[in-house]
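Novice: Provide a 3D model corresponding to the input given below.
(one chain, ligands or ions: 1)
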Amino acid sequence: MNRRVEAGASSVVITPAKPVYLAGLDRRSTGCELSQGVHDDLYAKCLLLRVGDTQLGFLSLDLIGIFYDDVEEFRRLAFEAGLESEGVIVSSTHQHSGPDTLGLWGPEPTVSGVDSEYMRFLKKRMVDVLYEASRNLKPARLKLSRTRMPNGVARNSRDPNLLDDEITVLSVEDLKGSNIAVLANFGLHPEVLWSDNNLITADFPCYMYRRVESETKGLCIFINGALGGMVTPSVKEHSFKEAERIGSTIGEAILKSLDEAESLEEAELKVLSEKVHLPVKNEKFKDLSRLGVIRRQLKNGLAETRLTVASLKNVSFVTVPGEPLPKVGLDIKSFMPGKFKFLIALGNDELGYIIHPEDWADGRYEESMSIGPETAPILIERIKHIINHM
Ligand SMILES: [Zn+2]
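Specialist: Alright, predicted model coming up:
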């Protein structure tokens, strides 16, 4: 059996060409609902790994999030273009100064802020980046490392003593030693810039990309982790200067971790993807779905979504279809196999906060932005089940 690893990466710009409703924060009160310019470009980035006939891919978007329905439409378009998207995990960095791709931040609470023309453009670009990454596939060497988030970059504003500060890094190079990509996974809301900002920006990841890419000459990809309720940047002010400090500091830690990375050239790759149905108990979510403000279909009160689990020697990957709080993330990591664990938040979907049943408290902000208290226990059970059957 062929166990040689191949890899390919690519990135495309997905910055909106015209003003859009900005997502992530209440800007109706600051008059900054519509974007007034671009500070830095937004990207769709893709890293594909292939061993024999098995493919695992990461397609990361500098966006607030996209729903399963849109991810499934991207898969249909990819299929029509002759591309395999099974095993490709779509995730968003969850930046808070980009186009509304979910619908929650329109001119009024009952009017969607999504620009359907932009969504068509986005899905086309997602197919483009997958195509380019697959064309770039070549024999590769994987390098794995871990580090901790440096002091002074992250805090949990809901539960100050609880943080998963692990950064897990997958670095990929060709057999001549040229870097192809560095994929970094950790949980932190890209919301240094706040509701008074009306310029499009990837937020702190922009500076992390620049730091890592200038050093390695490969592509830097960010996959968010247990960022929920509420792991937020530790900043003195909501400024680009602070975004630069946070992004560069984390970028530096990632680069340093590469010095002690473990190499991997041959391995068996296993990827399992499974549909799961989650009960939606949040009345506001149901109303917005019914009104078409959010483009997320429910069937009999259930939200269909997809989990992807993958393993490669001592490395494992698990998607979560929203924003897990640190306790949920740590719980899942505790039974993920291997030494290097990638917990992929906003994986193939964005169903809001995913709260551990021990911490559920009716009426709090994170609970109001969650589909219900059963989400975490159901997901944890399903993920355990998939891992046990790999
Ligand atoms: Zn969030």
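
Novice: Any stretches of the chain with poor pLDDT?
Specialist: Counting by pLDDT under 70, the chain has low-confidence residues at 1.

Novice: and residue 384, what does it touch?
Specialist: Residues counted as contacts of residue 384 (C-beta atoms under 8 Å, 6 or more residues apart in numbering) are residue 335. In this view, the C-beta of every residue, glycine as well, is placed from N, C-alpha and C.

Novice: If you could redo that for residue 338, that was the one I meant.
Specialist: 311, 313-316.

Novice: Could you rerun that using 10 Å?
Specialist: 144, 311-317 (C-beta atoms under 10 Å, 6 or more residues apart in numbering).

Novice: Over to residue 51?
Specialist: Shown in contact with residue 51 (C-beta under 10 Å, 6+ apart): 1-7, 266-271, 312.

Novice: Just the buried ones out of the residues you listed, please.
Specialist: 5-7, 267, 269, 271, 312 (16 or more other C-beta atoms under 10 Å).

Novice: before we move on, the earlier item: top of the contacts of residue 338 by neighbour count?
Specialist: Neighbour counts for those, by other C-beta atoms under 10 Å, peak at residue 317, which reaches 26 neighbours.

Novice: circling back to that earlier point, which ones among the contacts of residue 51 lie within strands?
Specialist: 5-7, 269-271, 312 (DSSP state E).

Novice: Strands of the stretch 251-390 of the chain, start to end?
Specialist: Using DSSP state E, counting those that start in this stretch, the strands of the stretch 251-390 of the chain run over 262-264, 269-279, 302-312, 315-319, 323-324, 340-344, 353-354.

Novice: now the fourth one: how far from the chain's centre is it?
Specialist: For strand 315-319, the distance from its own C-alpha centre to the chain's C-alpha centre is 13 Å (C-alpha atoms, centre = their mean, to the nearest Å).

Novice: now the angle from that strand to strand 269-279?
Specialist: Using axes from the mean of the first three to the mean of the last three C-alpha atoms, to 10 degrees, the interaxial angle of strand 315-319 with respect to strand 269-279 works out to 20 degrees.

Novice: got the contacts of residue 51 as CSV, with distance to residue 201 columns?
Specialist: Shown next, in CSV, are the contacts of residue 51 (distance: C-beta to C-beta, whole Å):
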residue, distance to residue 201
1, 46
2, 43
3, 41
4, 39
5, 34
6, 34
7, 29
266, 40
267, 37
268, 40
269, 35
270, 37
271, 33
312, 33
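
Novice: how many neighbours does residue 330 have?
Specialist: If we define neighbours as other C-beta under 10 Å, then residue 330 has 17 of them.

Novice: That one against residue 162, yeah?
Specialist: Yes. The pair residue 330 / residue 162 is scored as a contact, 8.2 Å apart, by C-beta atoms under 10 Å.

Novice: Need the residues touching each of those two.
Specialist: 226, 356.

Novice: related to what we said a few turns ago, can you tell me which of the ones in strands among the contacts of residue 51 is nearest residue 166?
Specialist: residue 312 (18.2 Å; C-beta to C-beta).

Novice: That closest one against residue 172, yeah?
Specialist: No. At 11.9 Å, residue 312 does not count as touching residue 172 under the criterion of C-beta under 10 Å.

Novice: shared neighbours of those two, anything?
Specialist: Joint contacts of residue 312 and residue 172 (C-beta under 10 Å, 6+ apart) are 5, 49, 142, 264.

Novice: By neighbour count, sort out the buried ones in these.
Specialist: Buried among the shared contacts of residue 312 and residue 172 by 16+ other C-beta under 10 Å: 5, 49, 142, 264.

Novice: give the contact list for the first one.
Specialist: What it means is residue 5. Shown in contact with residue 5 (C-beta under 10 Å, 6+ apart): 49-52, 139-142, 172, 264-267, 269, 312-313.

Novice: what are the bridge partners for it, then?
Specialist: residue 51 (DSSP bridges).

Novice: From the structure, what's the count of residues near the closest residue to residue 281 other than its chain neighbours?
Specialist: The shortest distance from residue 281 to any non-neighbouring residue, by C-beta to C-beta, 6 or more residues apart in numbering, is to residue 372 (3.4 Å). By other C-beta under 10 Å, the residues close to residue 372 number 21.

Novice: and residue 372, what does it touch?
Specialist: Residue 372 is in contact with 278-282, 285, 301, 303, 351-352, 354-355, 360, 378, counting by C-beta under 10 Å, 6+ apart.

Novice: Okay, helices next: where are they in the stretch 151-300 of the chain?
Specialist: Assigned by DSSP state H, counting those that start in this stretch, the helices in the stretch 151-300 of the chain fall at 204-216, 240-258, 283-291.

Novice: got a markdown table for those, with distance to residue 347 and mean neighbour count too?
Specialist: Listed next are the helices of the stretch 151-300 of the chain as a markdown table, based on distance: least, C-beta to C-beta, whole Å; neighbours: other C-beta atoms under 10 Å:
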| stretch | distance to residue 347 | mean neighbour count |
| --- | --- | --- |
| helix 204-216 | 17 | 22 |
| helix 240-258 | 21 | 20 |
| helix 283-291 | 19 | 14 |
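
Novice: so which of those comes closest to residue 107?
Specialist: So among those, helix 283-291 is nearest, using C-beta to C-beta, at 14.4 Å.

Novice: Next one: residue 93 from residue 247, what distance?
Specialist: 12 Å (C-beta to C-beta, to the nearest Å).

Novice: now what about whichever strand or helix holds residue 69, what contacts it?
Specialist: If you go by DSSP states H and E, residue 69 is part of helix 68-80. For helix 68-80, contacts defined as C-beta under 10 Å, 6+ apart pick out 59, 66-67, 83-86, 88-91, 101-102, 114, 119-120, 122-127, 130-131, 134, 275, 294-297, 303-306, 321, 347-351.
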